[in-house]
Structure formats: C-alpha cells, structure tokens
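> generate a structure from the sequence data that follows.
(chains A and B)
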Amino acid sequence: MAIYSVVLLIRVLILMPGSYNDWLAFSRPWWWRLATFIFWVSLSSHAWLGVRDVLKDYVPNAKIRMVLLKLVMLALWVYLVWITLLLCNL
Amino acid sequence: MMNSNHKVQSTNTKKVRPKNLNLFTIRMPINALVSILHRVTGCALFLALPLLLVTFQLSISSASKFQLVQDLLHSSLAKLIIIGLAWSFFHHFFAGIRHLAMDVHWATTLIKARYTSKMVFVLGGVATLLLAISWVF
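Residues are numbered from 1 along each chain as shown, chains lettered A, B, ... in the order given. Predicted structure coming up:
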C-alpha cells in the first residue's frame, strides 16, 4: 500500500492530469487499475483490523460491539465491490 | 463482614482487572502521542472512505461531473477537509512505516524511538504543508 501511494503521488506529479480526458487516461491503464484493486483489497483487511481493534478496546457491550463489527465488515465489502465496479467500467 | 460494594467472586470466575481507557488522563510522552494519533487518523481515514469513493465515481462519470468535482474540491470548506485528511493520511503513513521498522527491531531503544517519533511529526507536517501549498494556491 505504501508503494502504491508513492507511485500514485509520482504519477500525479509527472502526468498532472488536469482535464477530464487527462484524468481518464491517468486512471485507465490496465496495470494501474489492477494495482488500485490490489491496493483496495489490502486496504480492506488493513482497515478491518484497525477498526476491529478500536471496537474491541472501546465498546464493552458484546452485543453492540458485534453489531458494529458486522456493520464495518458490510461497509468494507460494499466499498470493495463499489471500487471494483468503478474500475471495470473505466 | 465485608462491605456490600465489594465484588464477590468465586474461585471459578476471572479476576476483574483494572482498566483505564480515559485517554485524557493518561500521560502522553511523544511515542504515545504518535501511537494514539496513528489510531485516530486511521479511524478518520476509514470514515472518509465513502467520501473518497463518491468523489472518484463522480470524477470519472462525465466531463461535467469532473468539473463539478474540481470546483467542489477547490471550495474553502473542501480545502480545509482536504488538509485535515491529508495530515491524517501522512501521519498514519509515516507512523505506520515507523511501526514496521520497529517490528524488524530498528530504532527500538527509547532515545531512537523518540527520535523516529519526532521524524513522524516533522515528515507529516512537511508533507501536509507541501500539499496545502499546492492545493490551496
């Protein structure tokens, strides 16, 4: 994820996408979309672990915590499907 | 006989261990500050994820939507939010690298750990400053 972030920054600084077409051209290369997808998968498990730890530490009620954990899991899955659809439709 | 407030426990139940999670009462050396901010920025970034996705979706949907996103992102409120999220990201990023370094036993002594903590704050601040300058002006 760190490498992706750095590469993203470098690509933006070099290519400087300013217009809509520039932005599409920036986002469309197949290897970039693949990297973005892999980034998002990593991000999902990374975020899950982090938020799970936070909920475990600060939500003492087991029932409420379980509900919140399931909501977070659902949200992360929705985000993953969402970004996948966006990347496929580019 | 014992005070009625005293918890009565049989030998089979777990001991109730003292727990203090009130962050405002815990002393904050610089390493602790880096650590808790790592957690706080992580939460902030998590909450910002749907915003990121919506923005990206709009930006690729059409030229007019792209322009809308551009205009929105350059509004004053958005600039404030972007600076906040940017610092969150940079702090989380550098604190995360520090975490990984310490996992492989680099800079684990107190003096070195304090030094890397300061580096996290300096790098985070510089990165945010650079982004603020390039985005706001």
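> where does residue B:45 fall, secondary structure wise?
Element membership of residue B:45, judged by DSSP states H and E, is helix B:30-61.
> I'd like the average pLDDT over that helix.
Here the mean pLDDT over helix B:30-61 is 96, rounded to a whole number.
> for that helix, the distance to its chain's centre please.
When distances are taken as Cα atoms, centre = their mean, to the nearest Å, helix B:30-61 is centred 8 Å away from the chain's centroid.
> that one and chain A in contact?
Yes - Helix B:30-61 is in contact with chain A by Cβ under 8 Å from any Cβ of the partner chain, via B:39, B:42-43, B:45-46, B:49-50, B:53, B:56-57, B:59-60. The C-beta positions use only the backbone N, C-alpha and C, and glycine is treated the same way.
> after that helix, which helix or strand is next?
Along the chain past helix B:30-61, the next helix or strand (assigned with DSSP H and E) turns out to be helix B:63-73.
> buried ones in that following helix?
Residues of helix B:63-73 classed as buried under the neighbour-count rule (16 or more other Cβ atoms under 10 Å in any protein chain shown) are B:66, B:69.
> what does stretch A:54-65 give?
For stretch A:54-65, the neighbour count (16+ other Cβ under 10 Å) marks A:54-55 as buried.
> how about stretch B:53-66?
If you call a residue buried by 16+ other Cβ under 10 Å, then stretch B:53-66 has these buried ones: B:53, B:56-57, B:59-60, B:66.
> who touches the residue nearest the centre of chain B in this structure?
Among the residues of chain B, the one closest to the centroid is residue B:41, at 1.6 Å (Cα atoms, centre = their mean). With Cβ atoms under 8 Å, 6 or more residues apart in numbering or on different chains as the criterion, the residues that contact residue B:41 are B:87-89, B:91-92, B:95.
> among those residues, which lie within strands?
Where the contacts of residue B:41 are compared with strands, as defined by DSSP state E, there is no overlap at all.
> could you list the low-confidence segments of chain A?
Under the criterion pLDDT under 70, no range of chain A is flagged.
> as a quick check, tell me the outermost residue of it.
Relative to the centre of chain A, and counting by Cα atoms, centre = their mean, the farthest-placed residue is residue A:61 at 29.1 Å.
> distance of that one from chain B?
Relative to chain B, residue A:61 is positioned 14 Å away (criterion: Cβ to the nearest Cβ, to the nearest Å).
> contacts only, for that residue.
Residue A:61 sits next to no residue when contact means Cβ under 8 Å, 6+ apart.
> for chain A, what lies in contact range of chain B?
A:2, A:5, A:19-21, A:23-24, A:27, A:47, A:50-51, A:53-54, A:57-58, A:75, A:79, A:82-83, A:86, A:90.
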